[in-house]
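Colleague: What follows is a predicted structure for the sequence shown.
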Amino acid sequence: MSTHARAGAHSAQSAARHAATQPWLEALERLGYVVRGVVYALMGYLALGLAMSRAGAATDPAGSVVVLAGSPLGRPLLIAVVVGLGAYSVWGFVRAIFDPWRRGTDPTGIAQRLGYAWSGFAYASLTLFALNLLAGGGKSAGDSTQAAVRSILTLPAGRLVAVAIGVVTIGVGIGQFAEARSDFVQKGVKEHEMPPAVRKLSRWLGRLGMFSRGITFTLVGWFVLQAGLHRDPSGAHGYRGAFIFLLSQPYGHLFLAVVALGFIALGLHSVALARWARLLGSS
């Protein structure tokens, strides 16, 4: 690469980094943590109601957005969802590119940063879904995992792709169990600014939340793997299918209740990160 090309690339990177550290964007990213927390906590609350045999539902993040849209404050909430999760999507790409949480460039760090990029795409998709609702579009929140696997299986190598996605998702789920056992959930958090009691509570909320996500991710990966092996997209399920599967097992109400509480904990942990996460401008 020539000197001029290197200088141009460096200048573009500096400009992008400067844009990503704008106070207004970081304020919106913190709003994104709050909205994300509400979405996860609502998923957990509805699943807990289902586990306790009262009004409840097995749903996913898109389903939570639909529930918010149907509330008395539906339109203002949808605007907050679109703005907050749109900014949170940007934050996923910022973490992947600029590495404010110092994951590094070893294989583990690269895998984590790729996960942040995937988060950016996932929340961008959820933002577009909420934007469609805001514009008066349909409120159907079908199983996006099943729809995606159905599309993948139409490709020439679709079966292998679906199997690979299932294996990777299972690996991510197992990795989240490992994260739940460590202080990894607090990396990227300005713990030195947190009161001791809040710091301890935040750790346990994060661990419980990652444990529940580990269970659901592992189940979702297993569903996708089986769908690929058997070329049957009807067997692929997302969060919703994982919750229903847990409920159908012996002591399923207990299992689902524990996982639901974990999602509520994950939501509360996300709200805490809205205050104490170390964004690019403070890294």
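Modeller: Yes, it's here. All figures in this text were calculated on a predicted structure; none of them were measured in a lab. Numbering: from 1, shown residues only.
Colleague: quick one: what helix or strand has F121 in it?
Modeller: Taking DSSP states H and E as the criterion, F121 maps to helix 107-134.
Colleague: same check, this time on F223
Modeller: Per DSSP H and E, F223 falls inside helix 196-229.
Colleague: Give me the buried stretch members for that helix, please.
Modeller: 199, 201-203, 205-225, 227-228 (16 or more other C-beta atoms under 10 Å). C-beta: built from backbone N, CA, C; applies to glycine.
Colleague: ok, now stretch 110-119?
Modeller: The neighbour-count check on stretch 110-119 (16+ other C-beta under 10 Å) flags Q112, R113, G115, Y116, S119 as buried.
Colleague: hmm, back to that, which helices and strands sit right next to the helix holding F121?
Modeller: Judged by 3 or more C-beta pairs under 8 Å, 6 or more residues apart in numbering; DSSP states H and E, helix 107-134 is in contact with helix 61-69, helix 74-98.
Colleague: Average pLDDT for the first one, rounded please.
Modeller: What it means is helix 61-69. What helix 61-69 shows for mean pLDDT is 93.
Colleague: May I see the buried residues of it?
Modeller: For helix 61-69, the neighbour count (16+ other C-beta under 10 Å) marks P61, A62, G63, S64, V65, V66, V67, L68, A69 as buried.
Colleague: Was I right to think the second one contacts A147?
Modeller: Read it as A62. No - contact criterion C-beta atoms under 8 Å: A62 and A147 do not qualify, at 11.2 Å.
Colleague: Let me know the pLDDT of the residue most central in space within the chain.
Modeller: The residue lying closest to the centre of the chain (C-alpha atoms, centre = their mean) is S119, at 6.0 Å. Looking at S119, its pLDDT stands at 93.
Colleague: wait, what's in contact with it?
Modeller: By C-beta atoms under 8 Å, 6 or more residues apart in numbering, the contact set of S119 is S89, G92, R95.
Colleague: quick one: which of those has the most company?
Modeller: Most neighbours among the contacts of S119, by other C-beta atoms under 10 Å: R95, with 24 neighbours.
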